[in-house]
Each structure stands twice: as structure tokens, then as C-alpha cells.
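Novice: sharing a model prediction with you, sequence too.
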Amino acid sequence: MSGAPTTLGGTQVTGGVGGTTFGMLSSIGSDLSVSVSFNIASELLDAAKDEQIAADELISLVLGFAIIFSAVQSRLNKTLADRRKSVIGKARSAARARVDELKKLHGDALGDLFTEAFVHAAEHAAVNELATKRSGLDFLALVVDILQRIFVAISIQLLAASVRSQQESRLVRTVSLIGLAIFFVFVESLTTRHM
């Protein structure tokens with residue numbers, strides 16, 4: 001669950017203070033996520049034993065919350081993407097109106113020179129302005145994303161603890177844990193892959 005590299009205008013930044021700091025914080029975040037989720041899972045298992053809740057029920061409950069937060073996150077991301085498309089559409093229509101004014105003032109030959117570049121620049125400026133103006137929706141999407149990651153990490157830890165407690169053979173436990181790790185790494189690679 002590491003973050004993406006720092007980008008500046010679509011170009012990856014691998015050096016400098018920003019790239020190095022981002023990489024360091026990303027690795028610290030991953031380490032903290034694993035260690036904290038392990039401790040939270042242990043506390044949840046102890047609490048489930050006290051309340052006489054089966055480990056399978058606890059895993060189902062935590063996975064249910066992870067699925068709920070995933071659905072909410074998907075909805076928020078779609079809303080943010082729709083807002084971005086709306087801002088780009090408004091900027092595009094305003095730029096095309098300005099190009100039409102230029103064509104009327106200076107003729108079609110000169111106006112055609114500005115059409116695509118002017119519209120593209122207006123879209124880029126609108127996206128940059130939107131990126132600097134964060135709203136409550138952006139903050140809510142960030143909080144839901146964090147909660148979803150926490151619940152998934154706790155679910156993985158609970159599943160691993162369940163495998164360790166239910167299997168007597170060390171070889172079977174090891175193979176089961178490796179299979180569990182491969183499954184979740186595969187799922188993460190599918191969800192983070194961009195076409």
C-alpha cells in the first residue's frame with residue numbers, strides 16, 4: 001500500500017527533497033500500518049474472546065466494514081471525477097467562446113491558430129485551480145480512504161491469526177500464510193493498475 005511517486009506536471013520526480021521525503025514517509029506509513037494493524041487485530045481477538053464472539057464472525061464483521069468503506073470511497077471518487085469533468089467542460093466552453101470572439105475580431109485564419117492550444121491551456125488552468133481549492137468532499141474522501149485501508153489491513157491480520165490458530169502443522173500454516181499474502185498482493189495490484 002505504498003504511494004505513487006511524486007509528480008510535477010505529469011513527470012515523475014525521483015530526486016530532490018520532495019521525492020526523497022515522499023518515499024521515506026511512504027515506507028514509514030507502510031511499516032506503521034503493518035505493526036499497528038497487528039496490534040489492533042490482537043486486541044480485537046482478545047475482545048472477541050471476552051465477548052464470546054467467534055474469530056470467523058469477527059473477521060466477517062471487519063471485512064464487512066472494509067467493503068462498506070470501499071463502496072463509499074468508490075462513490076466519492078466518482079463524485080470528485082464528475083466535478084473535475086464539469087470544471088473541464090466549463091473551461092472548454094468558455095475557451096471556445098473566447099476563440100469565436102477572436103475569429104470575429106481577427107478573421108478565421110488567425111483564430112484557427114489559437115483554437116486547440118487555447119482550449120488545452122484553459123483546461124489545464126482549470127484543473128490546476130481545482131487542485132488548489134480543496135473542499136470538504138476531498139477531505140471526506142481522504143478520511144474514507146484511510147479508514148478503508150485500516151480495515152483491510154486489520155482483516156489481513158485477523159485472517160493470518162486465524163490461519164495460525166486453526167492449523168496444527170507448521171508446513172500447512174506457512175503455505176496458507178504465503179497463499180494469503182499472494183492473494184492480497186494480487187488483489188491490490190489489480191485495484192491499483194491503471195489502463
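Specialist: The structure has been received and is ready for your questions.
Novice: show me what contacts the most centrally placed residue in the chain?
Specialist: Among the residues of the chain, Asp145 comes closest to the average C-alpha position under Cα atoms, centre = their mean, at 6.2 Å. For Asp145, the set of contacting residues under the criterion of Cβ atoms under 8 Å, 6 or more residues apart in numbering consists of Gln73. No exception for glycine: its C-beta is placed from N, CA and C like everyone else's.
Novice: looking at this, it is in a helix?
Specialist: Yes. Secondary structure assignment places Asp145 in a helix (DSSP: H, G, I helix; E, B strand; the rest coil).
Novice: can you give me the helices for the chain?
Specialist: 16-50, 55-106, 108-132, 136-166, 170-192 (DSSP state H).
Novice: could you tell me the least trusted of the ones you listed?
Specialist: When the helices of the chain are compared by mean pLDDT, helix 108-132 comes last with a mean of 69.
Novice: so how far is Gln166 from Ile40?
Specialist: Counting by Cβ to Cβ, to the nearest Å, the separation of Ile40 from Gln166 is 20 Å.
Novice: more neighbours: which of these two?
Specialist: Here Ile40 and Gln166 are set side by side on neighbour count (other Cβ atoms under 10 Å), and the busier one is Ile40, at 17 against 12.
Novice: find the nearest non-adjacent residue to that one, please.
Specialist: Leaving aside its chain neighbours, Ile40 sits nearest to Ile154 (5.4 Å; criterion: Cβ to Cβ, 6 or more residues apart in numbering).
Novice: burial count for that neighbour?
Specialist: Ile154 has 25 nearby residues by other Cβ under 10 Å.
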